[in-house]
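Asks: Here is a sequence together with a model predicted from it:
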Amino acid sequence: MVLRCSVVLGYWCLRMRQHKVQGQRNVHPHLDTFRMLCGGKKSYFAATVCIVTLTSMVTLSYLRLQRPPHLPKIIYEVSKCRGEITNSTITPLTGNRTFIVSPYFDNREGKVTRVIGIVHHEDVKELFCWFCCQPDGKIYVSKATIDVHSDRFGFPYGAADIVCSEPENCDPTYVSIHQSPLGNIDQLPSFEIKNRKAEPFPVDFTVCISAMFGHYNNVLQFIQSMEMYKILGVQKVVIYKNNCSHLMEKVLRLYMEEGTVEIIPWPINSHLKVSSEWHFSMDGKDIGYYGQITALNDCLYRNMQRSKFVILNDADEIILPLKHPDWKTMMSSLQEENPGAAVFLFENHIFPKSISTPMFNISSWNTVPGVNILNHVHREPDRKDVINPKKMIVDPRKVIQTSVHSVLRAYGNSVNVPMDVALVYHCREPLQANLPRESLIKDTTLWRYNLSLIMNVNKVLYQTVL
């Protein structure tokens with residue numbers, strides 16, 4: 001009815017304007033139409049009331065249709081914001097195939113809370129953010145946009161961004177996630193929203209190491225990687241730890257006490273069947289590689305306001321500069337050459353631990369479990385028709401979503417760093433095990449750092465293992 005009235009009224013107004021231009025000829029037929037709409041009244045006062053009423057109804061109807069459905073709406077008020085605040089790294093939602101990791105404030109595309117989580121890609125259809133605003137105690141509910149990351153590699157569960165618009169008139173400190181817009185916020189787990197305040201970066205470089213699992217015990221190589229990171233310029237290393245050996249725990253404790261390492265507990269196997277493979281076809285579990293992609297995205301946002309650059313690699317990988325002494329000078333040069341770039345990609349090269357050059361056989365290190373990277377300086381040649389995977393140094397404020405070897409969404413360009421500038425030193429099992437030693441390429445770049453590295457590693461070993 002409203003639509004019919006508005007159409008006819010609009011048509012009548014248009015015709016009135018046309019007749020006014022034409023000297024107001026033949027107006028009476030349209031006055032008759034107007035009288036019909038307004039109950040046949042001849043009074044111009046009644047006509048005015050009718051116009052105002054119809055216009056108001058049409059306007060309200062239009063606004064209702066145009067209002068974005070995801071904007072927060074007040075559902076009730078409380079005297080005080082309550083709810084159980086959770087500090088768990090992975091929190092399952094009751095009766096829903098959703099796991100919350102952490103929410104982050106994100107104002108790059110509007111005033112939103114971006115929740116890093118894990119969801120079942122088919123079964124999770126709707127989620128809602130519940131915000132409690134202090135001091136008035138108004139409870140706002142905002143329907144979430146659920147964005148499951150494209151790099152799921154066939155597993156039923158994957159990393160997801162659960163994005164909710166925040167109330168315009170308050171900056172909520174906590175958020176609850178629920179599968180319904182109805183309920184009681186006091187009965188929902190509450191999560192602190194991080195990154196609310198932008199601050200000067202306390203560090204230049206943070207390394208994110210995702211998913212330490214399998215009772216990790218490669219102690220010597222881990223210490224060597226840590227000390228190489230520090231020599232190259234890192235100030236913080238964030239490790240998502242599922243489990244490791246007792247000896248490794250001792251080493252981690254030392255690095256935590258000196259302020260270099262931050263441990264994020266990662267008990268993902270308490271909630272899902274986890275695979276140590278990257279693709280579902282290799283191991284048909286719930287989620288791949290201990291939820292590595294979710295951990296990397298959380299690490300990215302966790303350090304968005306804390307670190308100028310974030311480095312995404314594994315504990316057995318080192319981004320090794322060839323033209324520069326450290327990461328700071330290398331990145332300064334790369335940024336100057338590539339203004340506006342968000343992501344710098346470095347080629348991964350395998351230095352097989354099966355091929356040894358015993359230049360640095362330090363007797364005290366022989367009792368320590370793990371690989372001595374100083375003795376592995378032969379790298380495999382490139383394989384025909386195979387693109388080497390890459391690891392990244394990123395400006396976290398320009399990245400929206402990341403995978404393991406590339407970003408999925410970002411505001412700036414990605415730059416492939418030439419191999420003569422830097423490469424990823426990756427000491428591990430060989431990929432080309434049948435190659436004879438003479439087919440490998442000797443690359444002793446790592447030896448440039450041998451004096452500092454040996455001294456620093458010894459210092460750590462004598463405080464922990466030895």
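Replies: All right, it came through fine. Numbering: from 1, shown residues only.

Asks: can you pull the contacts of the residue lying closest to residue 463 once chain neighbours are set aside?
Replies: The spatially closest residue to residue 463, leaving aside those adjacent along the chain, is residue 254, at 5.8 Å (Cβ to Cβ, 6 or more residues apart in numbering). Glycine gets a C-beta too; all of them are placed from N, C-alpha and C. By Cβ atoms under 8 Å, 6 or more residues apart in numbering, the contact list for residue 254 reads 460, 463-464.

Asks: Would you mind giving the secondary structure of residue 254?
Replies: helix (DSSP: H, G, I helix; E, B strand; the rest coil).

Asks: go on, residue 449?
Replies: helix.

Asks: distance of it from residue 373?
Replies: Counting by Cβ to Cβ, to the nearest Å, the gap from residue 449 to residue 373 is 11 Å.

Asks: follow-up on the earlier one: between the contacts of residue 254, which is nearest residue 176?
Replies: Closest approach between these and residue 176, by Cβ to Cβ: residue 464, at 41.5 Å.

Asks: what's the burial count for the closest one?
Replies: 19 (other Cβ atoms under 10 Å).

Asks: does it really touch residue 251, like I thought?
Replies: Yes - the pair residue 464 / residue 251 is scored as a contact, 5.1 Å apart, by Cβ atoms under 8 Å.

Asks: how near is residue 81 to residue 131?
Replies: 9 Å.

Asks: Between the two, which is the more surrounded one?
Replies: residue 131 (26 against 20).

Asks: so what's that one up against?
Replies: For residue 131, the contacting residues are 72, 113, 139-142, 164, 166-167, 170, 172, 174-175, by Cβ under 8 Å, 6+ apart.

Asks: for it, phi and psi?
Replies: Backbone geometry at residue 131, expressed as degrees, to the nearest 10, gives phi -110, psi 140.

Asks: mind listing the strands in the stretch 51-200 of the chain by residue range?
Replies: Counting by DSSP state E, counting those that start in this stretch, one finds strands in the stretch 51-200 of the chain at the ranges 73-77, 84-85, 91-92, 98-106, 112-120, 128-133, 138-143, 145-148, 157-165, 174-178, 189-192.

Asks: Could you tell me the angle between the fifth one and strand 138-143?
Replies: Which is strand 112-120. Interaxial angle of strand 112-120 relative to strand 138-143 (axes from the mean of the first three to the mean of the last three Cα atoms, to 10 degrees): 50 degrees.

Asks: just checking, what packs against strand 112-120?
Replies: Using 3 or more Cβ pairs under 8 Å, 6 or more residues apart in numbering; DSSP states H and E, the elements in contact with strand 112-120 are strand 98-106, strand 128-133, strand 157-165, strand 174-178, helix 292-302.

Asks: what angle separates the third one from strand 112-120?
Replies: Read that as strand 157-165. 150 degrees.

Asks: Parallel or antiparallel, list what pairs with strand 157-165.
Replies: When pairs are called by DSSP bridges, strand 157-165 turns out to pair with strand 112-120 (antiparallel), strand 145-148 (antiparallel).

Asks: Identify all contacting residues around the first one.
Replies: Right, the one you point to is strand 112-120. 90, 97-106, 129, 131, 144, 146, 148, 156-166, 172, 175, 177, 191, 193, 268, 272, 287, 291, 294, 297-298, 301.

Asks: redo that, cut-off 7 Å
Replies: Identification of contacts with strand 112-120 by Cβ atoms under 7 Å, 6 or more residues apart in numbering yields 97-106, 129, 146, 148, 156-157, 159-166, 175, 177, 193, 287, 291, 294, 297-298, 301.

Asks: related to what we said a few turns ago, sitting in strands, which of the contacts of residue 254 do you find?
Replies: Per DSSP state E, strands hold no members of the contacts of residue 254.

Asks: want to try TSV for the residues you listed, with distance to residue 187 as columns?
Replies: Compiled in TSV, the contacts of residue 254 are given as follows (distance: Cβ to Cβ, whole Å):
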residue	distance to residue 187
460	47
463	47
464	45
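
Asks: show me what contacts the residue nearest the centre of the chain?
Replies: Central residue of the chain (Cα atoms, centre = their mean): residue 297, 3.0 Å from the mean position. Shown in contact with residue 297 (Cβ under 7 Å, 6+ apart): 116, 159, 401-402.

Asks: next one: residue 173
Replies: Contact analysis of residue 173 by Cβ under 7 Å, 6+ apart lists 192-193.

Asks: go on, residue 366?
Replies: Counted by Cβ under 7 Å, 6+ apart, residue 366 has zero contacts.

Asks: quick one on the thing from earlier: mind giving me a markdown table with the helices and strands packed on strand 112-120 and columns for distance to residue 409 and mean pLDDT?
Replies: Below are the helices and strands packed on strand 112-120 laid out as a markdown table (distance: least, Cβ to Cβ, whole Å; pLDDT from 0 to 100):
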| stretch | distance to residue 409 | mean pLDDT |
| --- | --- | --- |
| strand 98-106 | 12 | 98 |
| strand 128-133 | 21 | 92 |
| strand 157-165 | 9 | 97 |
| strand 174-178 | 22 | 94 |
| helix 292-302 | 11 | 98 |
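
Asks: Indicate which one of the ones you listed is closest to residue 338.
Replies: Closest to residue 338 of those, according to Cβ to Cβ: helix 292-302, at 19.8 Å.

Asks: distance between that closest one and the chain's centre?
Replies: Taking Cα atoms, centre = their mean, to the nearest Å, the mean C-alpha location of helix 292-302 is offset from the chain mean by 5 Å.

Asks: The helix or strand that it is followed by to helix 292-302, inter-axis angle?
Replies: Following helix 292-302 in sequence order, the next helix or strand is strand 307-312 (DSSP states H and E). Relative orientation of strand 307-312 and helix 292-302, computed by the same axes, to 10 degrees: 170 degrees.

Asks: Give me the sheet partners of strand 307-312 and which way each runs.
Replies: Short version: by DSSP bridges, strand 307-312 pairs with strand 203-212 (parallel), strand 390-394 (antiparallel).

Asks: Now, of the contacts of strand 112-120, which are buried?
Replies: In the contacts of strand 112-120, burial by neighbour count holds for 97-106, 129, 146, 148, 156-157, 159-166, 175, 177, 193, 287, 291, 294, 297-298, 301, counting by 16 or more other Cβ atoms under 10 Å.

Asks: Please measure how far the first residue of stretch 392-406 sits from its last one.
Replies: 7 Å (Cα to Cα, to the nearest Å).
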